[in-house]
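In: Could you work out the structure for the sequence below:
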Amino acid sequence: MKQLGDILQTVKDDVTDVLQKNPPVDDIDPDKLDADELPDASGTKWLRVDNVVAAFVDLENSTQMSVGKHPRSTAAVYRAATGNAVKILHEFNADFIQIQGDGAFGLFWGDGAVERAMCAGITVKTFSERHLEPALESKWPNAPKTGFKVGVASGRTLVKNIGTPRNPAEQEPVWAGKPVNYAAKAAQQASRRQMIVTGSVWLAIENNDFLTTSCGHDSAGAPVTGPSPLWEDVRIEKLDHDDDEATGRMLSASWCGSCGPDFVAAILNGETNRPESARVRAAARSTLDFLRRPG
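Out: Numbers count the residues shown, from 1 in each chain. All right, here's what the predicted structure looks like:
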């Protein structure tokens, strides 16, 4: 090990060198980006890629779990919760997955990135509400209420591996830019069983009937009054500096037990229109036209 003075001098010299020479940045087509072939930490090149979508899943009240008094129970919660959330991100073909504490994020790019990210996020919510939370509350009825909350954001990102040069075991990709950061902030504002998406994500899905209007069933799968809007307007407080992205939407619903599988299949197949949702779209347009009238 080097002496302290030598360590500080080494990193000081590196800071000076890096800031004097802007690193090269190569634009890359999302369809050609491979998370297993990112620039090594020993090099200076970064990659810039557009239209990356981040789905960030966060476990509510995890800091109230007692590692000291009940380490085995806490370990079981993390394994059951985060481990299965990661499985869901994987099943929807996330191009990159990283665990962060009690949560995780998946990055999606290329064909169907927004659709895969949305389906993954809603599925994590559904798993949490329908399976994880009841199991935890049954086993530990006096424990703090927990469950997953989800944030989704999109945008351009810079990426390369950072860490110890020529030692892949001590390197991790850094995804600099809006997607991960904004998705994390959206998830932080949500409560369990909620998903919050940023403005750009909403613009990408607002005309998709499978994502924006209900199927017309209640939580038990029984028919009700018909399709209705699913999302609420929300201001993402920690994104106030970015007005377009801070104007988000919040979803509290999960997949219908009857229609969920068909909806997921349709979304992933690129379908967007449901004839039974036409009434909902027409009502929304009429409301907007009324609000836009002068006086």
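
In: what sits against the nearest residue to residue 205 once chain neighbours are set aside?
Out: Of all residues not flanking residue 205 in the chain, residue 211 sits nearest, at 4.8 Å (Cβ to Cβ, 6 or more residues apart in numbering). C-beta: built from backbone N, CA, C; applies to glycine. Counting by Cβ atoms under 8 Å, 6 or more residues apart in numbering, residue 211 makes contact with 118, 205, 230, 267.

In: what are the phi and psi values for the second one?
Out: The reference is to residue 205. Phi and psi for residue 205, reported as degrees, to the nearest 10, are phi -120, psi -10.

In: how far away is it from residue 122?
Out: 11 Å (Cβ to Cβ, to the nearest Å).

In: if you count what's nearby, which of these two comes out ahead?
Out: Taking neighbours as other Cβ atoms under 10 Å, residue 205 and residue 122 compare with residue 122 leading, 25 against 20.

In: Which residue lies closest in space to that one, excluding its sequence neighbours?
Out: Nearest non-adjacent residue to residue 122, counting by Cβ to Cβ, 6+ apart: residue 255, 6.1 Å away.

In: Run a quick neighbour tally on the one you found.
Out: When neighbours are counted by other Cβ under 10 Å, residue 255 registers 19.

In: Ok, residue 197 next?
Out: By the criterion of other Cβ under 10 Å, residue 197 has 33 neighbours.

In: coming back round to it: make sure the residue nearest to residue 122 is indeed in a helix.
Out: No - going by DSSP: H, G, I helix; E, B strand; the rest coil, the assignment for residue 255 is coil, not a helix.

In: And residue 242, its phi and psi?
Out: Phi and psi for residue 242, reported as degrees, to the nearest 10, are phi -130, psi 90.

In: residue contacts, it?
Out: Neighbouring residues of residue 242 by Cβ under 8 Å, 6+ apart: 178, 182.

In: rewinding a little: I'd like to know which of the contacts of residue 211 has the lowest per-residue confidence.
Out: Comparing pLDDT over those, the lowest score belongs to residue 230 (91).

In: my guess is that one meets residue 210, correct?
Out: No - in this structure, residue 230 is not within contact of residue 210 by Cβ atoms under 8 Å, at 10.3 Å.
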